[in-house]
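Peer 1: Sequence isn't available, so here's the structure alone:
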């Protein structure tokens, strides 16, 4: 079990902005990378997606945890790999909450597709052609952005859309706006 440190922005600004190279074949090294990504993601409570550039490996590999359950009791499944993902269709763009392990406790309102048709390969090298909807589409789109050096803060249209989450005096969660940008 290899757990890697997730790169934090802005200290690792250059690495998080690099373009990722396609994976030529799903060999033992790529399978090891998938396992490392899964172990790393599971070590971060609340993490639902991770891209290889976030652990300073610039290959087109992401993992995500699919949403399970209903609104009252949402959980996330085991991480699933997507290698060389290609977006075939993206639609139904809407505002939604966004966050990233590379920006600890920073969130924002971004516009992302809630319908995403993607092709690529799974963690074993089998071809996939899959449609993602709702929060799964948002997560997969977010992670594919990482492969192109695009970060969620790049999708923030108004700095007033950035916020942190803290606890109020009663212990409830509240959004606290960020007064200055993070670019």
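Peer 2: Received it, and whenever you're ready, just let me know what you need. In this text the structure is predicted, and so the values were computed from the model without any measurement.

Peer 1: for the protein, what spans make up the helices?
Peer 2: Secondary structure of the chain by DSSP state H: the helices cover 13-17, 28-42, 135-147.

Peer 1: can you list contacts of the first one?
Peer 2: Contact with helix 13-17 is made by 7, 9, 53, 54, 56, 58, 102, 146, 149, 151, as judged by C-beta atoms under 8 Å, 6 or more residues apart in numbering. Where C-beta positions appear, they are placed from N, C-alpha and C, glycine not excepted.

Peer 1: and the third one, what pLDDT?
Peer 2: Looking back up the chat, that one is residue 53. For residue 53, the pLDDT comes out at 98.

Peer 1: Then the last one?
Peer 2: At residue 151 the predicted local confidence, pLDDT, stands at 97.

Peer 1: show me what contacts it?
Peer 2: Applying C-beta under 8 Å, 6+ apart, we find residue 151 in contact with 9, 16, 17, 100, 102, 103, 145.

Peer 1: try 10 Å this time
Peer 2: Residue 151 makes contacts with 9, 13, 16-17, 53, 98, 100, 102-103, 142, 145, 182-183, as judged by C-beta atoms under 10 Å, 6 or more residues apart in numbering.

Peer 1: that older thread, is it possible to mark the buried ones in the contacts of helix 13-17?
Peer 2: By neighbour count, with 16 or more other C-beta atoms under 10 Å, the contacts of helix 13-17 hold 7, 9, 53, 54, 102, 146, 149, 151 as buried.
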